[in-house]
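**Q** Predicted model, plus sequence, below.
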Amino acid sequence: NMRVEAERMARMVTQLLILARSDANVKAAYEPVLIRDVLADLCSQRHPNNNEPSLGCYNLEALEGALVWGNLDYLKQLFLILLDNAFKYTPHDGKVEIYGSLDEGIVVVKIVDTGIGIPPTDLPKIFERFHRAENAHFRSGAGLGLAIAQRITEQHKGCIEVKSELGNGSRFIVT
């Protein structure tokens, strides 16, 4: 329990630092990043237990050799935020899946879950700081994760969008 709590606190501090740096327009160090390796590492590091949904990683080989000009730590944080949310709001018998593809030289990563979904009235606001969907209050959180994910995506000249159906899960698409 202490290890899990320490990891959670470390992620929160990292997220707050990213947010503070982006507010101050501090530029992160960018370099070519093999995006497949980032996703494969996340897939191999995450070992869901019996009380968590299953994790599937698909089509990552399609990203073999694909380079993204970016910051490795920030990109990891982006996908960790999306994965953490997927696991947090998906029942233990559900699924969380990562899909990778390359579309005319553009990297596309989808994080798909079979969770509770997001109410249509909340969808336009989920990337705002401190906003939490009406049906998400049964879990702890500050409402910063998706705002940070959007900011990281913007800093990498990318786009993040969400498609969700209440009761049938969500699909976050990062290009």
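**A** Okay, I see it.

**Q** For the lowest-mean-pLDDT helix or strand in the chain, name the packing helices and strands.
**A** Lowest by mean pLDDT, DSSP states H and E among the helices and strands of the chain is helix 2-23, with a mean of 76. Helix 2-23 sits against helix 72-88, helix 145-155, with contacts defined as 3 or more C-beta pairs under 8 Å, 6 or more residues apart in numbering; DSSP states H and E. Bear in mind the C-beta positions are built from the backbone N, C-alpha and C, glycine included.

**Q** Serialize the ones you listed to CSV and add fields for mean neighbour count, mean pLDDT and distance to Ala29.
**A** Output for these, formatted as CSV (neighbours: other C-beta atoms under 10 Å; pLDDT from 0 to 100; distance: least, C-beta to C-beta, whole Å):
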stretch, mean neighbour count, mean pLDDT, distance to Ala29
helix 72-88, 21, 93, 9
helix 145-155, 21, 91, 12
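
**Q** re the thing from before, just want the angle from the least confident helix or strand of the chain to helix 72-88.
**A** Orientation check (axes from the mean of the first three to the mean of the last three C-alpha atoms, to 10 degrees): helix 2-23 against helix 72-88 gives 120 degrees.

**Q** How far away from the center of its chain is the next helix or strand along the chain from helix 2-23?
**A** Note on helix 2-23: by DSSP states H and E, the next helix or strand toward the C-terminus is strand 31-34. Centroid displacement of strand 31-34 relative to its chain, using C-alpha atoms, centre = their mean, to the nearest Å, is 18 Å.

**Q** For the chain, give me the ranges with low pLDDT.
**A** 24-26, 48, 130-143 (pLDDT under 70).

**Q** same thing but 50
**A** Scanning the chain for pLDDT under 50 picks out 137.

**Q** residues in contact with the most centrally placed residue in it?
**A** Central residue of the chain (C-alpha atoms, centre = their mean): Leu82, 1.9 Å from the mean position. For Leu82, the contact set (C-beta atoms under 8 Å, 6 or more residues apart in numbering) comprises 111, 149, 172, 174.

**Q** Whichever of the residues you listed end up buried, select them in PyMOL.
**A** Here is the PyMOL command that selects the buried residues among the contacts of Leu82 (16 or more other C-beta atoms under 10 Å):
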select buried, resi 111+149+172+174
